[in-house]
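Visitor: got a predicted model here, sequence first, then my questions.
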Amino acid sequence: MRSGFTVFFIVIHAILSFGQSREVDSLLTVEQADTNVLNRLMQLAVPLEYANPSKALEIYAYVARTATGVSDLSLKGSAYMYAGITFSNVGEMDSARLYYTKALGIFEPLEMLEKIGALNSNIANTFHSEGNFAEAGNYHEKAIAIFEDLRDTFRLITAISNMGASLGELGLINEAIQYNARTIGLSEAVGDRGQLAFGHHNMGVQFIALNDLPQAENSFVQALEIARQEQEPYMLQEVYRSLADLALARSNYAEAEQYSAAALEILDTIEIPLYQASAEVRLARAQLGAGKLVQAEALLLGAKKVLSEVGSLHELKDCNLYLAQLYRKKGQYFLADSMMVLHFYLSDSLNELSQSQYLAGIERKYQLLKKEQALVDQQLVIERQERGIERTRALGIGLGIALFLSLAFIYSLFQQRRIRRALQQEKLATLEREKELSVANAMLEGQESERSRIAKDLHDGLGGLMWSIKLHVEHLLESTGIRDPSETDRTFEMIDLASEEVRRISHDMMPSSLELLSLEDAVQDLAKAMSTIGGIQIATKTTGIPRSIPHRERIACYRIIQELLQNAVKHADPRHVWVSMAFELNHLRIAVADDGRGFDVNLIEQGGLGLVSLRSRVKYLGGTLDIRSGPEDGSIISFDVPIQELAESTEHTA
């Protein structure tokens, strides 16, 4: 339930909003609005950024248009800036950056450094919210430099605090702790208790990353005490969410539920969708741990929708993982496997982003070291000047330059040699891969050609022979006068069964559906046939927009799926088998999952011709094979096929 303070706040806010709304409507109808009217509209729009974002954006658009008429570029830039803040509050980061950039285009020619610094900080925050921490760090760095030049300590503290958070996300924990310590020191010096709370909070987040939970708790408690004293709701919900993370790390689900609920109560009043969804995920994790599956499912599904809309991939990835865990506990294995497939897909996407961010982090670390070295060199120069040893200094600089040039020359030679060696190794590796693919291609094409020949011989040769045998037996029976129905019917039944078996084997070796239908339709026919034979429910599902796949690669995909289904039916003893085909932008992801007895992946990896054959087929397609299973836990085997490469392969063949 909401506290009395929260209800009182909402009532007062509603009364004030009604009066302000009438004033806004009145001012928007003024025919020739001057600067005073526009400034008043800007004042009235600020509280509407959370309460009524659409109205706030309408006001800022009106001010920007009208400010052009009264030749007040500064006011126009401010309107763009506040519009960007409003978009940021509702999670529309691309729109926010668009308006921040428009504002920069106005303020930079006017050399309004205070505004430029604030805009760089805001742009950095949008990148941070999207998980692009390297780009966020670049803009934080620009803001810090501007605020240092302006000696604007309060804004400098905010920029330093945010920089520490971005460095922490990049994995530069020690550097992040240094920035947080600087935030705390500056905040204490100027008496900025709000930023002091942020400094302690961010320090706690870094201690969690170091798995130092007692230190993290100490930092969070200090931040919580300050936030309560200052009655700062934004900071309070941040601390409550982090305390929930700390409780979850300790498996204290009751405490995690309490802190998450406290954060949500505050977020009901300030309404930031991304933070509300984040708090709901934490509350659902606590309820999942406590066995409250129904409540946890409702929260996770609601949070998943919001996180998809605002584009928070990190939170969305974790949300899919927790849904998979929940559905597995409920015995809904198909849904659990589907959520795990989505989780793996987002993990792969974020791993690519993390690699680029890791490289950016290394580059940033190098730049920090360069700055520290520059400060040390500067201090040495000052000390030498004070001692009056200019000649020694000059000689030292000359020797340093000579040494630097020598080292640079040696390093250049070493780099050239290393690059040549790397290029040679890469060329050899490329040739080896091409050779392997060529061998695999020839082998697979030979297999398919032989399958086709045998299937044709079975159908045309042995199939026709069986028909001739049937006619001959009929003629023989008629000529000998044998009329025993039981014997004749049994004989014809066995001949028909043999003919049907010949047709089935011929179809398995080279199904006609592959010549006439798409891959997804052929797989659906295969699933129906195997369901009938094995008495197992086999379901197929296709997502995304299906694309045309070349015949040769279509056969390879079909063979892999056919082998996986046969293995599941023969060895896993499942009740259900699921086949999913997801057409993504550049990939086709295929997964075959079952709820059978499972197996030890390590034992399978150590040997088995079946696995070697599977891997060779997947490698031929330029994809990767992923096997996940455990004893009595079912299995999910998936592989990726790069669609773009298949398209290029088709063009080359043509």
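Guide: Nice, thanks for sending it over.
Visitor: output stretch 62-77 as PDB, nothing but the C-alphas.
Guide: Taking Å, rounded to 0.1, in the frame of the first residue of the first chain, the C-alpha atoms of stretch 62-77 are listed here in PDB:
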ATOM      1  CA  TYR A  62       5.500  25.900 -29.500                       C
ATOM      2  CA  VAL A  63       8.400  27.800 -27.700                       C
ATOM      3  CA  ALA A  64      11.000  26.600 -30.300                       C
ATOM      4  CA  ARG A  65       8.800  27.800 -33.200                       C
ATOM      5  CA  THR A  66       7.900  31.100 -31.600                       C
ATOM      6  CA  ALA A  67      11.400  31.800 -30.300                       C
ATOM      7  CA  THR A  68      12.600  31.900 -33.900                       C
ATOM      8  CA  GLY A  69      10.200  34.800 -34.500                       C
ATOM      9  CA  VAL A  70      11.400  36.800 -31.500                       C
ATOM     10  CA  SER A  71      15.000  36.100 -32.500                       C
ATOM     11  CA  ASP A  72      15.800  34.400 -29.100                       C
ATOM     12  CA  LEU A  73      18.100  31.600 -30.100                       C
ATOM     13  CA  SER A  74      19.100  30.800 -26.500                       C
ATOM     14  CA  LEU A  75      15.400  30.200 -25.700                       C
ATOM     15  CA  LYS A  76      15.000  28.000 -28.800                       C
ATOM     16  CA  GLY A  77      18.000  25.900 -27.700                       C
END
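Visitor: which residues touch that stretch?
Guide: Stretch 62-77 is touched from outside by 28, 33-35, 38-39, 41-42, 45, 78-80, 83, 102-103, 106-107, 110, 112, 115, with contacts defined as Cβ atoms under 8 Å, 6 or more residues apart in numbering. From N, CA and C alone the C-beta is placed, and that goes for glycine too.
Visitor: can you say which of the residues you listed are buried?
Guide: For the contacts of stretch 62-77, a neighbour count by 16 or more other Cβ atoms under 10 Å gives the buried set as 28, 33, 38, 41-42, 45, 78-80, 83, 102-103, 106-107, 112, 115.
Visitor: check contacts around the closest residue to Asp149 other than its chain neighbours.
Guide: The shortest distance from Asp149 to any non-neighbouring residue, by Cβ to Cβ, 6 or more residues apart in numbering, is to Leu113 (7.0 Å). Contact analysis of Leu113 by Cβ under 8 Å, 6+ apart lists 146, 149-150.
Visitor: my guess is Ala83 contacts Tyr100. True?
Guide: No. In this structure, Ala83 is not within contact of Tyr100 by Cβ atoms under 8 Å, at 9.0 Å.
Visitor: re the thing from before, and the pLDDT for the residue nearest to Asp149?
Guide: If you check Leu113, the pLDDT there is 91.
Visitor: change the start of the numbering to 16 and stick with it
Guide: All set: I'll call the first residue 16, so the last point we hit is now Leu128.
Visitor: to the chain's geometric centre, what's the distance from the strand or helix carrying His143?
Guide: Here His143, judged by DSSP states H and E, is contained in helix 128-144. Here the centre of helix 128-144 is set off from its chain's centre by 24 Å, with Cα atoms, centre = their mean, to the nearest Å.
Visitor: where in the stretch 316-465 of the chain is pLDDT low?
Guide: Scanning the stretch 316-465 of the chain with the threshold set as pLDDT under 70 gives 363-411, 413-415, 417-418, 421, 423-424, 429, 444-465.
Visitor: Met596: what secondary structure?
Guide: strand (DSSP: H, G, I helix; E, B strand; the rest coil).
Visitor: list the residues that contact the closest residue to Tyr194 other than its chain neighbours.
Guide: Excluding its sequence neighbours, the residue lying closest to Tyr194 (Cβ to Cβ, 6+ apart) is Gly179, at 3.3 Å. Counting by Cβ under 8 Å, 6+ apart, Gly179 touches 191-195, 197-198, 217, 221.
Visitor: hmm, which two among these are most spread apart?
Guide: Using Cβ to Cβ, these span at most 13.2 Å, a distance reached by Arg197 and Gln221.
Visitor: who has more neighbours out of these two?
Guide: Set Arg197 next to Gln221 and count neighbours by other Cβ atoms under 10 Å: Gln221 wins out with 24 against 17.
Visitor: just checking, the more buried one touches Ile192?
Guide: Yes. Under the criterion of Cβ under 8 Å, Gln221 makes contact with Ile192 at 5.3 Å.
Visitor: just the terminal-to-terminal distance for stretch 619-629.
Guide: Separation of the first and last residues of stretch 619-629 by Cα to Cα, to the nearest Å is 12 Å.
Visitor: Ala554 against Leu580, yeah?
Guide: No. Contact criterion Cβ under 8 Å: Ala554 and Leu580 do not qualify, at 11.7 Å.
Visitor: now do the shared contacts for the two.
Guide: In contact with both Ala554 and Leu580: 542, 592, 594, using Cβ under 8 Å, 6+ apart.
Visitor: element containing the second one?
Guide: Okay, so that is Val592. According to DSSP H and E, Val592 maps onto strand 591-598.
Visitor: need the next SSE after that strand, C-terminal direction.
Guide: strand 602-609.
Visitor: and that following strand, which strands flank it?
Guide: Partners of strand 602-609 in the sheet, by DSSP bridges, are strand 591-598 (antiparallel), strand 650-657 (antiparallel).
Visitor: mind checking the pLDDT average for the first one?
Guide: This points to strand 591-598. Mean pLDDT, strand 591-598: 91.
Visitor: Ala554 sits in which helix or strand?
Guide: strand 552-559.
Visitor: now the angle from that strand to strand 602-609?
Guide: Orientation of strand 552-559 against strand 602-609 (axes from the mean of the first three to the mean of the last three Cα atoms, to 10 degrees) gives an angle of 160 degrees.
Visitor: which positions in strand 552-559 come out as buried?
Guide: Buried residues in strand 552-559, counted by 16+ other Cβ under 10 Å: 553, 555, 557.
Visitor: just these now: which is nearest His566?
Guide: Distance to His566, by Cβ to Cβ, is smallest for Thr557 among these, at 18.9 Å.
Visitor: please enumerate the helices of the stretch 166-315 of the chain.
Guide: All helices of the stretch 166-315 of the chain, identified by DSSP state H, counting those that start in this stretch, fall at 168-184, 188-205, 208-224, 228-245, 248-264, 268-285, 288-304, 308-325.
Visitor: tabulate those helices (JSON lines), appending distance to Asp609.
Guide: Written out in JSON lines, the entries for the helices of the stretch 166-315 of the chain read as follows (distance: least, Cβ to Cβ, whole Å):
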{"stretch": "helix 168-184", "distance to Asp609": "38"}
{"stretch": "helix 188-205", "distance to Asp609": "42"}
{"stretch": "helix 208-224", "distance to Asp609": "38"}
{"stretch": "helix 228-245", "distance to Asp609": "40"}
{"stretch": "helix 248-264", "distance to Asp609": "32"}
{"stretch": "helix 268-285", "distance to Asp609": "32"}
{"stretch": "helix 288-304", "distance to Asp609": "25"}
{"stretch": "helix 308-325", "distance to Asp609": "23"}
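Visitor: what residues does the strand holding Ala554 touch?
Guide: Contacts for strand 552-559 (Cβ under 8 Å, 6+ apart): 349, 535, 538-539, 542-543, 545-546, 580, 590-599.
Visitor: and if we set it to 10 Å?
Guide: By Cβ atoms under 10 Å, 6 or more residues apart in numbering, the residues outside strand 552-559 that reach it are 349, 353, 356, 533-536, 538-547, 576, 580, 583-584, 589-600, 602-604, 606-609.
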